[in-house]
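Visitor: show me the folded form of this:
(3 chains)
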Amino acid sequence: MNNSAQTQSIDPALYATATEAIRAEAKRVLEAGTVAAVVGWQAGRRKGSALPAIVTDPTKADTLVFSPACVNNLALYLTKAKKEIRQKGRLAIVVKGCDLRALVGLMGENQLKREELHIIGVVCPGVQGRGEATMAAKCRECAVHTPEGTDVTVGSLPDLPRFTPVESEELARLEAMTPAERWAFWKEHFARCIRCYACRQLCPFCYCEQCLCDRNRPQAVETTPRPAGNMAWHIVRAMHLAGRCAGCAECERACPMDIPLNLLNRKMAKELKELYGHEAGFEVQEKGPLAQYREDDDQSFIK
Amino acid sequence: MCDHSNNIYLPRLATIEEIVDETADIRTFRLVFQDETVREQFSFRAGQFAEYSAFGAGESTFCIASAPTRKGYIECCFRAVGRVTEALRQLEVGDAIGVRGPYGNSFPIEEFFGKNLVFVAGGIALPPLRTLIWQCLDWRDKFGEITIVYGARTEADLVYKRELKEWEQRSDVRLVKTVDPGGNSPAWDGRVGFVPTILEEAAPSAANTIALVCGPPVMIKFTLPVLERLGFADSAIYTTLENRMKCGLGKCGRCNVGNVYVCKDGPVFTAAQVKAMPQEF
Amino acid sequence: MAKSISEQNLRLLIDALVSEGKRVIGPRAAGTMTLYGPLTTGEELSPGELPRRSAKECFFPLCETILAYERDKEGVRVSDVDSCAIPETVLIGARPCDVAAAPVLDAVFSWDYRDEFFLERRKKTTIIGLACTKADDACFCTAVGLAPNDTKGSDLFLSPLKEGGYRCDVITEKGEALLAAHGPLFADAAAAEPLPLAEPTLGKLDLEKIRSWLDLHFEDPLWEEIAERCAGCGACAFLCPACHCFDIVDEGGEKKGVRRKSWDACGFGKFTNHASGHNPRDVQPSRYRNRIMHKFKYYVDKFGERLCTGCGRCIRACPVGIDIAAVLEEIDRKGARD
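Guide: Next up, the predicted model:
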């Protein structure tokens, strides 16, 4: 097992090849008029940085890149929270395997139509964690390096070592806690929340036009960054995402206060898998387990 | 701040003395400050606004709708559309609300002395002009002709119905009231048509005249060209802007239009000033 | 007048201030990050890393109660908060990019109406700034006219020395008083060599040119180009030392509760939303434009200061990689072309 997972250890040529292929495909579809815009990544000012890019001009296709900094889940830009982008017309999107799960989930929720998208998949050896050359935790246990069901897939996968898992160990530690310890754990983390809503704004599934937490008639959740409201907000969000969250970990990455939000979502996902055999984002499915009732649903929790 | 009067966010308590339902969802409160000193000393100028508290729900921003010349009370007029206004609507005569203010600039009434005035208002936007109308009527000899063009969607949507009657009966005021086509009953004795059209027909002279316009954005949009055709200069047209506010004190960062803070540089602006702003309101 | 203070004595100074009953705020380790927080002993001071959040919360807390109300059969009673309870404070080890924001914010919190919640804390706080010796590629204080050893806002100013310890410059009378009260901990400044200062890499920006460009380009394709990707969160504003927008809300029930003032952000979709549903800044580019305009034009028009000290926090925190320094460089270039 490899404990010092470094994105730097991956051959830069792999990213370069994927970059070229993305540019070529973007140029092709934009020139052909198949799509009005390509949602991808471009390099940022800072060395080794990247940011989401929305390219409409074929001559700008060569600004697109794929690098270890291409962390953002671009599915966000296809949701109705980003109406202005959808209004441009038919869209192409560059996705990693993990991002694709969000797209599939959104299709299941009738937010997107497969036939209206041109999906450029990129085989991904892993992207970087926050501000470092180390590989993001989610990539160390990635099972979707190669996106399936795309219109075109670029890039190739190097031989990757088996990385020391971080996410599953974190989850195991959480599960080993007593309920009281777990409560204390989350209480401490949520107390740090400053209510910047980066978690919500970056989440492809937080596309509600009227978030429960912005409602004030009646007010369901206090809006000020104080322990009770913070706890309520994160619990509401976790429940709302259970069975829908596709595990992209953008909430956790976006959090300026380092709250392990994805851990909460992963715990919920694990429960859903154990209880209902459901895993979000693998097939287009109209209703998740928490949105439907079946006779054979597990009822052991009713005592 | 050990001196408690220094908390600028602290409202003064006022008791609701009278409630008037202007329309199905627009309500007037007559408010009397509980503290006697405040009651005697509170003064404001027409055009200024205040922050009104429904404790437990928060604060909302409205103009002071009564005239500065009427002492001992203030009035506000609101439509129940949000959390605070819904809460205010639940209150009854005798209940207390909080009032912070007066804030903002005001109509430069002294500059209007000796001039004719044309008031143009639509719907719920009469209150910010009504304060000035009454002040002008209380000081009637300081002004020339006073014309009021006021319209709403339907008869039922007209606010201050009793006062409209009073203005109608006065010989020193010309009131032109109107409702949108289809908004009138058979008994309607006013005009039928949109405010800008009716204004154009009423054709007040622009000579030595100030126009004061308040209404929904679409009404303002179509009224300004009419005033221009009638010969009004942009500097002779006044309006008020309403933006979402929290503090009312130039701090919370919400109400700015470009570098203009509506809460402090406004809410009263000339059409010339409004045209010079970024069109983001 | 320059003095010096050893590393050990600096920590003893904190101990002394704490024992005098002062609130001492400084960079301290907080889990995975460093935050400005109350120090209980000098040992807790951890000046190595730039705190994740700025020092503005020393004067403008994330959330504070501004009044309390109670309602019963007798009527409503409103009670003020006891602001005499705001303690004498020493902010120590704050970076120049954080400290410089404090006097900039004095302007908005004191024009005409004085926000004593902010100003009382300012009055009761003595600031010991610390020269910065470590920049990363998000830092750009020098590009916006500040410096890693800028003393703007500081009462005393520490410069780390190569041999350990600090040179201590007295900037204001307030600083002088603090130093005089703890004279034995300080020595006369020897001719010691300071550690080299941080060197942010971004070139100097022409802020006047940027402002002139902003004057003329309220409408410009740039806003959409940059802000299409903006997700509309408040991370940038909340981490910024100079962003000062806030919300006022009532929390509690009908019978009893408090009114609170808490950080808000102009990037939030509902920030300017009217109860009627009308929203003057209804798309993200118009909200991002307001952010830049407010910092580099509106505030300058009003108060002659800029709401940016180049600390780089928004750049590090932006989850969609929006880089305000790159935006300013772009505007600077455009300004040159116009």
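Visitor: can you report phi and psi for C:Ile174?
Guide: Careful, residue C:174 is Lys; it's not Ile. As for C:Lys174, its main-chain torsions (degrees, to the nearest 10) stand at phi -60, psi -40.
Visitor: and the closest residue to it other than its chain neighbours, how far is that from C:Ala107?
Guide: With sequence-adjacent residues excluded and distances taken as CB to CB, 6 or more residues apart in numbering or on different chains, C:Lys174 is closest to C:Asp155, at 4.4 Å. No exception for glycine: its C-beta is placed from N, CA and C like everyone else's. Distance from C:Asp155 to C:Ala107, counting by CB to CB, to the nearest Å: 19 Å.
Visitor: who's more crowded, those two?
Guide: Neighbour count, other CB atoms under 10 Å in any protein chain shown: between C:Asp155 and C:Ala107, C:Asp155 has more, with 23 against 14.
Visitor: how about the residues of the stretch 101-250 of chain A by chain B?
Guide: Listed as neighbours of chain B in the stretch 101-250 of chain A under the rule CB under 8 Å from any CB of the partner chain: A:216-217, A:219.
Visitor: mind giving me the PyMOL command for buried ones among the residues you listed?
Guide: Typed into PyMOL, the line below selects the buried ones among these, using 16 or more other CB atoms under 10 Å in any protein chain shown:
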select buried, chain A and resi 216+219
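Visitor: does chain C sit close to stretch A:244-262?
Guide: Yes. Using CB under 8 Å from any CB, we find that stretch A:244-262 touches chain C at A:250, A:253-254, A:256-258.
Visitor: and for whichever residue of chain C sits closest to chain A, the neighbour number?
Guide: Relative to chain A, the nearest point of chain C is C:Gly321 (2.8 Å; CB to the nearest CB). Each residue near C:Gly321 was counted by other CB under 10 Å, and the total is 22.
Visitor: roughly how far does it sit from C:Glu219?
Guide: In this view, C:Gly321 and C:Glu219 are 25 Å apart by CB to CB.
Visitor: so what's the closest residue to A:Lys273 other than its chain neighbours up against?
Guide: Leaving aside its sequence neighbours, A:Lys273 sits nearest to A:Glu279 (CB to CB, 6+ apart; 5.6 Å). Residues in contact with A:Glu279 (CB atoms under 8 Å, 6 or more residues apart in numbering or on different chains) are A:269, A:272-273.
Visitor: kindly report the same for C:Leu39.
Guide: Residues in contact with C:Leu39, defined by CB under 8 Å, 6+ apart, are C:14, C:18, C:24-26, C:28, C:45, C:92.
Visitor: got a list of contacts for the helix or strand of chain A with the lowest mean pLDDT?
Guide: Of all helical and strand segments in chain A, the minimum by mean pLDDT, DSSP states H and E falls on helix A:83-86, at a mean of 89. Residues outside helix A:83-86 that contact it (CB under 8 Å, 6+ apart) are A:37, A:39, A:54, A:77-78, A:80, A:91, C:228, C:283-285.
Visitor: the contacts of C:Leu39 into a markdown table, with extra columns for pLDDT?
Guide: Below are the contacts of C:Leu39 laid out as a markdown table (pLDDT from 0 to 100):
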| residue | pLDDT |
| --- | --- |
| C:Ile14 | 98 |
| C:Val18 | 98 |
| C:Val24 | 98 |
| C:Ile25 | 98 |
| C:Gly26 | 98 |
| C:Arg28 | 97 |
| C:Leu45 | 97 |
| C:Ile92 | 98 |
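Visitor: make a markdown table from those and add secondary structure and neighbour count to it.
Guide: Converted to a markdown table, those look like this (DSSP: H, G, I helix; E, B strand; the rest coil; neighbours: other CB atoms under 10 Å in any protein chain shown):
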| residue | secondary structure | neighbour count |
| --- | --- | --- |
| C:Ile14 | helix | 24 |
| C:Val18 | helix | 18 |
| C:Val24 | strand | 28 |
| C:Ile25 | strand | 22 |
| C:Gly26 | strand | 26 |
| C:Arg28 | strand | 19 |
| C:Leu45 | coil | 21 |
| C:Ile92 | strand | 26 |
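Visitor: now the two most distant members of the residues you listed.
Guide: Maximum pairwise distance among the contacts of C:Leu39 (CB to CB): 12.8 Å, between C:Val18 and C:Arg28.
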